[in-house]
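missing the sequence, but the structure's below:
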């Protein structure tokens, strides 16, 4: 997480807009006070298409980004979510490489968190509690005894404000949300921007920004499930993660605090290895997760954008590389307990997709030895992740 001091002018703008929002009894529709360099609104940005209305009357919109090579990315305001990524295989045929749903009702329920932005705190917080500056805050326990992905109504459940952008890098949409003080138990009003940009290099870039009016904790990530073949399971995908260590977990998937070496374990993906090669290994951590559901301690310097993941799917020839500024990566191997209904009558089996959640570590607010997730007034949270798609002959 990078934190930069805001100027007095920007802080003044934050206060002014927060006051205006309070007076109007609103939390979603005002322009967020986070300054972004992603681009400006313009006619070249993608057009909005209404896909439905929620029971409270809120409209849900969808945007499709396209680049010069024919790649397409569909995004939606509910959860600031990725609904599809259509990218070519080695023969040039486009195929959707993320899991999704067909109906709005399915997207509203979305128990696996397909494609959404998760927050205010991505991943788990032990016991649904943390202490900050001497005050203990109590959160929803929506994952057994723990707090997961921001709670019962996290950022995945809200409709974000969307602004199409014209950028030099490509078509983009900036999603904005103002999370009020006390939402899901978190302190401080948090103003969040997430900007998706599709480049002509077949890169989907996610730029996150957030600012707060009181000390709080922040950990944001996208929860897309990838399947580069577009069908079946991902067990034959070859995965490489640039991480020498990972964070073992207890029986409720909370890190023990240890940064354990991956060497000699099923968690050693430092060279390309099929996801399914060791997914059933006789290893305590594999048994706890029902497969992989663990945070990897990424090599390199947190805050520097560097390549940390490479994936290859041999049937289609598609490749995926992930760059991030984050210190951690939650690798989840889609350990579904039962099949999930997808679009067009498809059924997603166990291990139909995998997640590469760039993040700070789980339970960091309760573990002082982990990189801090505290954000204070006058600071700006920034994070960038890039998903780069390609093919091998």
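Noted; the coordinates are in hand. On a predicted model such as this, the values are computed, not experimentally measured, just so you know.

With adjacent residues omitted, what lies nearest to residue 157?
Nearest-residue entry for residue 157: residue 79, 6.8 Å, with adjacent residues in sequence omitted and distances by CB to CB, 6 or more residues apart in numbering. The way it works is simple: take the backbone N, C-alpha and C, and place the C-beta from them, glycine included.

Residue 139: what's it in contact with?
When contacts are counted by CB atoms under 8 Å, 6 or more residues apart in numbering, residue 139 is found next to 125, 128, 129, 130, 147, 151, 184, 185, 186.

hmm, back to that, is it true that the residue nearest to residue 157 touches residue 155?
Yes - with contacts counted by CB atoms under 8 Å, residue 79 reaches residue 155, the gap being 6.9 Å.

which residues are common contacts for those two?
Overlap of the contact sets of residue 79 and residue 155 (by CB under 8 Å, 6+ apart) consists of 116, 117.

measure the residue nearest to residue 157 to residue 351 for me?
For residue 79, the distance to residue 351 equals 23 Å [CB to CB, to the nearest Å].

The two: which is more packed in?
residue 79 (29 against 21; other CB atoms under 10 Å).

Report pLDDT for the more buried one.
In this model, residue 79 is scored at 98, pLDDT.

Ramachandran angles for it?
With angles defined as degrees, to the nearest 10, residue 79 shows backbone torsions of phi 80, psi 10.

Residue 107: what secondary structure?
Applying DSSP: H, G, I helix; E, B strand; the rest coil to residue 107 yields a three-state assignment of helix.

what's it in contact with, if anything?
With contacts defined as CB under 8 Å, 6+ apart, residue 107 is in contact with 60, 76, 78, 79, 81, 83, 101, 114.

okay, these in a markdown table with secondary structure next?
Listed next are these as a markdown table, based on three-state DSSP:
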| residue | secondary structure |
| --- | --- |
| 60 | strand |
| 76 | strand |
| 78 | strand |
| 79 | coil |
| 81 | strand |
| 83 | strand |
| 101 | coil |
| 114 | coil |
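
ok, the residues you listed vs residue 241, which is closest?
Nearest to residue 241 among these is residue 114, at 22.0 Å by CB to CB.

Verify the stated contact: that closest one with residue 100.
Yes - taking CB under 8 Å as the contact criterion, residue 114 and residue 100 are neighbours in contact, 5.6 Å apart.

can you pull out the helices in this protein?
Using DSSP state H, the helices of the chain run over 8-23, 104-109, 284-289.

Which residues does the last one contact?
Among residues not part of helix 284-289, those counted as contacts by CB under 8 Å, 6+ apart are 248-251, 253, 265-267, 278-280, 292, 294, 335.
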